[in-house]
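Enquirer: Got a sequence here, can you model it:
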Amino acid sequence: MIPFRIRIPALFCLLGLACSIAAAQPAAPADTLSRIRETRSITLGVREAARPFSYLDAGRPVGYSVDLCLAAVEEIRRELKLPELKVQYRTVSGPERVPKLVAGEIDLECGSTTNTRARQAQVDFSYTIFVASMRVLSPKGARVDAVKDLAGLPVALSKGTTSEKLFNQLGVSEVKMQAQTFASNDEAFQALKDGRVRAFPQDDSLLLGLAARDGVQDRFALSGMAFSVEPYAIMLRKGDAALGAVVDRTLARLYSSGDINAIYRRWFETPTLQIRQSKLTRDSFVRPNKEAGVAMLLGYSL
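Expert: Below is the predicted model of the structure:
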């Protein structure tokens, strides 16, 4: 029998290789539920002015998406058998929402975020909770019903949104417009109201929410053409399977019981805002899914 010997330098090389392989392994999947059980708290990411999905009302987070997240929080509390579960809120902007979720600063993002192929590489999504269409808001009498109608116009884009991404691409491949990027939907909408821009592309539900909030529905009109399909969902960390299962179970229960309809009416059928359930939204309640958004004009996933 030949005795096994290994030289010390060779041993260091093997150990170094083992360390390199270990370092190259993907990070362990997120296990937010375990931390929630220990801390008895959960942090929800909310938006400041994404009416009627997620916004601050006298400093208090409210909205359709917030209600759905709170239903999931109650389901989490029951599953973990916690007598109480503290809910903390953190306001996030469009550009901040994915980085803050990935960094662990929030546990669920409860806003108006579109499930896209690009975002799926970084985060996970719940079942679809609403389906919007991207349209263009412009002053009445100057409606935009085709891409060519944007030629030469000053156009407001909101930073960190699918509309910014899509219309920057259109500006390269389809039509020359004067695109101006603003830090938020609020700033972009203000530029439209002030006449500094002539068009503001964004999800139709958000545009209607902004106009209703400021009481200026009679001044503006939405384009007849829809530039994309935007399925909204609750966002959570990549690989956070246990938390995702609870969120999806909560949504499936709300959908199958019909309780989702009362929540919908509360936020979308008000004296100042009327957004009827689209066929795509209804279909998402009947057949829960996680389909990504599609840029219809360009024929690819967002």
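Enquirer: Please identify the buried residues of stretch 111-119?
Expert: 111, 112, 113, 114, 115, 116, 119 (16 or more other Cβ atoms under 10 Å). Backbone N, C-alpha and C define where each C-beta goes, glycine included.
Enquirer: Mind jotting down where the helices sit in the stretch 101-250 of the chain?
Expert: For the stretch 101-250 of the chain, applying DSSP state H, counting those that start in this stretch gives helices covering 117-120, 162-173, 185-194, 204-214, 241-257.
Enquirer: least trustworthy helix or strand in the protein by mean pLDDT?
Expert: In the chain, no helix or strand scores lower on mean pLDDT, DSSP states H and E than helix 8-24, which sits at a mean of 39.
Enquirer: for the helix or strand following it, packing partners?
Expert: On the C-terminal side of helix 8-24, the closest following helix or strand by DSSP states H and E is helix 32-39. Here helix 32-39 touches helix 64-79, helix 241-257, going by 3 or more Cβ pairs under 8 Å, 6 or more residues apart in numbering; DSSP states H and E.
Enquirer: Any idea which of the ones you listed gets closest to residue 194?
Expert: Comparing the helices and strands packed on helix 32-39 by their distance to residue 194 (Cβ to Cβ), the top pick is helix 64-79, with 28.8 Å.
Enquirer: and residue 50, what are its phi and psi?
Expert: Residue 50 adopts backbone torsions of phi -100, psi 60, taken as degrees, to the nearest 10.
Enquirer: wait, it sits on residue 185?
Expert: Yes: using Cβ atoms under 8 Å, residue 50 is in contact with residue 185, at 7.2 Å.
Enquirer: shared neighbours, those two?
Expert: residue 206 (Cβ atoms under 8 Å, 6 or more residues apart in numbering).
Enquirer: picking up where we left off before, need the winner for burial among the helices and strands packed on helix 32-39.
Expert: Counting by mean count of other Cβ atoms under 10 Å, helix 64-79 has the highest mean neighbour count of these, with a mean of 20.
Enquirer: just checking, what packs against it?
Expert: By 3+ Cβ pairs under 8 Å, 6+ apart, helix 64-79 packs against helix 32-39, strand 41-46, strand 54-57, strand 108-110, strand 123-139, strand 228-237, helix 241-257, helix 259-268.
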